[in-house]
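>>> quick one: sequence plus predicted model below, questions after.
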Amino acid sequence: MKVAVVGAGVAGTAAAWAARRAGADVVVVHDRPGASALWSGALDYDVWELERSHSPGREERELCQALGLCLDDNLCQVATLAGVLRSARGRDAAVLDLAPLAGGLVAVADVARDDWDASLICRGLADSVWAKRTLTRFEPRAILADVEEHVRHLPAYDFASRFDGEAERKKLAAELSCNRGDASAWLLGPWLGTSSGVAEALGAEVGAPVGEALSAPGGVAGARLDAARTALLEGLGIELCPGRVLRVEPGVSGFTLELEDSQSIVADRVVLAIGGVLGAGILLDPPRPDHPGGACFHASLEAPVVIEVDGQPVDSVSSLHGVDFAAHGVQVLESVGIGVEGARARGAAGIFVAGDAVADRPRTFLRALTSGIAAGAAAAQPTGDSPS
């Protein structure tokens with residue numbers, strides 16, 4: 001059984017991982033960065049999970065661990081670059097969880113950086129309901145005062161890459177140890193390496209938890225996720241094929257994926273993890289010959305799938321003006337996607353859908369990961385569900 005996964009974000013990664021574990025031969029085709037590259041480092045939850053006390057399963061936990069993520073039973077408390085404290089279901093292992101530090105003193109690195117103001121961050125965190133209730137304190141402490149002027153203006157990714165090397169990491173560890181005082185932990189900006197393990201190594205050398213605030217969109221957390229994704233898939237023997245899929249063509253017993261560079265891939269099953277509107281997997285376009293009534297949505301590739309909003313096919317709207325945004329509201333941009341039955345694309349045997357490409361599902365990291373696992377496992381099963 002050969003499974004082709006289109007998209008290499010969190011949903012595509014989860015689908016490829018699950019399909020490979022189920023014994024399938026897997027190829028992942030990926031083009032440009034999508035929503036996963038914008039990841040802040042926090043594993044958010046949605047109302048469905050809270051209302052039903054949803055607990056991630058064994059496979060979700062295993063995959064998170066393989067990607068360098070922490071998924072705990074209790075909510076964690078993480079800090080943003082703006083000094084806002086918020087809850088999350090899990091986190092990048094480099095992000096500092098403040099929950100276990102309740103009632104203590106957290107040192108906030110005071111570094112001359114364009115993307116960081118330690119004093120304001122301390123004020124914001126100290127003013128949070130959680131900090132006041134738990135009597136947790138935050139205090140700025142100066143480090144890296146001798147950093148060259150041009151280094152202070154580097155983008156977060158370039159600044160973080162400095163600490164991938166052992167020499168710079170040990171130098172930072174020495175400063176954190178020297179200036180720690182009575183603090184129980186260190187909170188820094190999103191600078192602790194472009195691959196996993198730097199924050200943990202610093203914590204071991206300092207003898208106290210060391211971690212980051214959340215990354216800005218397109219920052220270090222997303223880069224670390226991409227690096228962990230590549231290492232995981234390559235370690236499983238999964239082929240990574242850069243390129244843009246133009247169409248998925250059903251055949252007698254499988255599918256042909258036609259790529260932009262005139263190459264093609266033949267597979268028995270296909271998982272579409274192309275992302276939603278944010279990731280450019282679902283596109284809004286002006287009137288076109290096959291839909292003259294008005295603006296409408298369509299997938300970023302040609303495939304025998306149906307785009308839906310609120311359970312209704314978009315191409316079947318009754319309005320002569322296309323999608324009625326006034327009726328649906330701006331949230332249509334979050335809910336529009338490919339209609340599914342379980343994990344399979346509605347009316348399309350052999351095609352499965354995961355992540356933000358699925359219609360009417362919350363757009364959270366955990367939902368994308370969970371749907372990816374389900375789609376990959378279903379695609380790998382020899383159920384006789386072949387294209388018609």
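Structure's in. What do you need?
>>> what's the local residue count around residue 24?
Each residue near residue 24 was counted by other CB atoms under 10 Å, and the total is 25. Heads up, the C-betas are built off the backbone N, CA and C, glycines and all.
>>> residue contacts, it?
Applying CB atoms under 8 Å, 6 or more residues apart in numbering, we find residue 24 in contact with 1, 2, 3, 269, 379, 380.
>>> how far away is the closest residue in space to residue 202 that isn't next to it in sequence from residue 193?
The shortest distance from residue 202 to any non-neighbouring residue, by CB to CB, 6 or more residues apart in numbering, is to residue 210 (4.2 Å). Distance, residue 210 to residue 193, by CB to CB, to the nearest Å: 11 Å.
>>> what do the two both touch?
Residues touching both residue 210 and residue 193 by CB under 8 Å, 6+ apart: residue 199.
>>> considering the contacts of residue 24, which possesses the most neighbours?
Among these, the one with the most neighbours (other CB under 10 Å) is residue 379, at 32 neighbours.
>>> so how far is residue 300 from residue 195?
Noted for residue 195: a distance of 30 Å to residue 300, by CB to CB.
>>> lowest pLDDT pick from the contacts of residue 24?
Among the contacts of residue 24, residue 1 has the lowest pLDDT, at 93.
>>> give me every residue that touches that residue.
When contacts are counted by CB under 8 Å, 6+ apart, residue 1 touches 23, 24, 25, 268, 269, 380, 382.
>>> how about the fifth one, nearest residue that isn't a chain neighbour?
Taking CB to CB, 6+ apart, and ignoring the residues beside it in sequence, residue 269 has residue 379 as its nearest neighbour in space, at 4.0 Å.
>>> from residue 363, how far out is the one you found?
Using CB to CB, residue 379 is found at 22 Å from residue 363.
>>> isn't there a strand covering residue 97?
No - looking at residue 97 with DSSP: H, G, I helix; E, B strand; the rest coil, it is coil, so not inside a strand.
>>> give me the number of residues near the residue lying closest to it once chain neighbours are set aside?
Take residue 97 and drop its neighbours on the chain: the residue closest to it by CB to CB, 6+ apart is residue 76, 4.1 Å away. Using other CB under 10 Å, residue 76 is surrounded by 21 other residues.
>>> if I look at the residue nearest to residue 142 when sequence neighbours are not counted, how far off is residue 69?
Computed as CB to CB, 6+ apart, the closest residue to residue 142 that is not its neighbour in sequence is residue 110, at 4.4 Å. To residue 69, residue 110 is 28 Å away according to CB to CB.
>>> the more surrounded of these two?
Each of residue 110 and residue 69 has its neighbours counted (other CB under 10 Å); residue 69 has more, 25 against 20.
>>> and the pLDDT for that one?
Note for residue 69: predicted pLDDT of 94.
>>> from residue 172, how far out is it?
Taken as CB to CB, the span from residue 69 to residue 172 is 23 Å.
>>> likewise for residue 215?
18 Å.
>>> thinking again about what came up before, min pLDDT across the contacts of residue 1, which one?
For pLDDT, the smallest value among these belongs to residue 382: 83.
>>> for stretch 84-95, buried residues please.
In terms of neighbour count (16 or more other CB atoms under 10 Å), stretch 84-95 has its buried residues at 85, 88, 89, 90, 91, 92, 93, 94, 95.
>>> can you redo those residues as CSV with distance to residue 222?
Below are those laid out as CSV (distance: CB to CB, whole Å):
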residue, distance to residue 222
85, 21
88, 16
89, 18
90, 16
91, 14
92, 10
93, 15
94, 12
95, 13
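>>> so what pLDDT did the residue lying closest to residue 18 once chain neighbours are set aside get?
Using CB to CB, 6+ apart and skipping residues adjacent in sequence, the residue nearest residue 18 is residue 376, 3.3 Å away. Residue 376 is assigned 98 on the pLDDT scale.
>>> what is the helix or strand in which residue 376 is found packed up against?
Assigned by DSSP states H and E, residue 376 belongs to helix 365-379. Helix 365-379 is packed against strand 2-6, helix 10-21, strand 42-43, helix 58-66, strand 269-272, strand 351-353, with contacts defined by 3 or more CB pairs under 8 Å, 6 or more residues apart in numbering; DSSP states H and E.
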